[in-house]
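Visitor: Model the following, please.
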Amino acid sequence: MVRTRVEICGIDTSTLPLLSSEVMKETFIRLQSGDESARDELVTANLRLVLSLVQRFAYRGEQADDLFQVGCVGLLKSIDNFDLKHNVRFSTYAVPMIVGEIKRHLRDHHSVRVSRSLRDIAYKAIRAKEEFINEHQKEPRISDLAKMTDIPEEDILFALDAIQDPMSLHEPMNGDGGDPVYMMDQLHDKTVSEERWSTYVSMKETMTGLDNRQQLILSKRFYLGQTQTEIARELGISQAQISRLEKQAIAQIREGMEQNK
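Guide: Modelled structure (predicted):
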């Protein structure tokens, strides 16, 4: 087998050892029995995993060496918190923690400024999501995160949306073995007129005038695809009330758009 040589942070990844699942398990048993040298072996054996995950963020404007070091922090946390009782592969457990550490770093160094309160809410929701996945091995719903953090669902939705990383127009989308196709190459659309863009901007501005409950209902209906009955059950009110609030919100949006013409 040919090994590809990649050097990052002064480490030649082609020389790194790989451990079988059985040896990994034995090494974790040694570590959890007090053998500190086992930690170094586990770190070294999983540096390629960190490198593969860092490559996902190659076009975010950060130095690969910096992201690799951040990913290693996530790896160390994974090693220290991994429990053999989970009966899952270590890589399955480690990947979301490493990726989460890298994403937190990117959000902290985000070019778009987000308020501290929104970041705090988003980070609490992300930590709760990681805990939920580790415990249940599936993605949580917004209602699950709200229950775990004691934060309203609409606040979690807004906070997570606010910290999303902007995508570069020069980020390649598809190469197919030849010249890459960039995001900016796919933006032109003859069906999107100046009038439609103006309508979109007007609607977005009008949305900010809705109260939190109206915004939450519209988010659940048209973003999450929930039915009025499902939303009513979650909010503890009748389906008729949901229908009335939804109609009022839509009417308010239409009225705002008419005023902005």
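
Visitor: residue ranges for the helices of the protein, please.
Guide: 21-32, 37-45, 47-54, 64-81, 90-108, 116-136, 142-149, 153-162, 194-207, 212-222, 228-235, 239-259 (DSSP state H).

Visitor: Turn those helices into a markdown table, including mean pLDDT and mean neighbour count.
Guide: Heads up, the C-betas are built off the backbone N, CA and C, glycines and all. Shown next, in a markdown table, are the helices of the chain (pLDDT from 0 to 100; neighbours: other Cβ atoms under 10 Å):
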| stretch | mean pLDDT | mean neighbour count |
| --- | --- | --- |
| helix 21-32 | 88 | 15 |
| helix 37-45 | 89 | 16 |
| helix 47-54 | 86 | 19 |
| helix 64-81 | 87 | 18 |
| helix 90-108 | 84 | 18 |
| helix 116-136 | 84 | 16 |
| helix 142-149 | 91 | 17 |
| helix 153-162 | 81 | 18 |
| helix 194-207 | 56 | 13 |
| helix 212-222 | 81 | 18 |
| helix 228-235 | 87 | 16 |
| helix 239-259 | 82 | 15 |
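
Visitor: Please tell me I have it right and I126 contacts V99.
Guide: No - using Cβ atoms under 8 Å, I126 is not in contact with V99, being 10.6 Å away.

Visitor: Domain map for the chain?
Guide: 1-109, 111-167, 188-259 (automatic domain parsing).

Visitor: per-residue confidence for G177?
Guide: Looking at G177, its pLDDT reads 51.

Visitor: and the gap between the spatially closest residue to A146 that is not a sequence neighbour and D144?
Guide: Closest residue to A146 apart from its sequence neighbours, by Cβ to Cβ, 6 or more residues apart in numbering: E153 at 4.6 Å. Distance, E153 to D144, by Cβ to Cβ, to the nearest Å: 10 Å.

Visitor: now swap in V88 and tell me
Guide: Here V88 is placed at a distance of 20 Å from D144 (Cβ to Cβ).

Visitor: List the contacts of the residue nearest to Q214 when sequence neighbours are not counted.
Guide: Excluding the flanking residues, the one nearest Q214 by Cβ to Cβ, 6+ apart is A249, at 4.1 Å. Neighbour list for A249: 210, 214-215, 217-218 [criterion: Cβ atoms under 8 Å, 6 or more residues apart in numbering].

Visitor: Since that was my last question, I'll sign off now.
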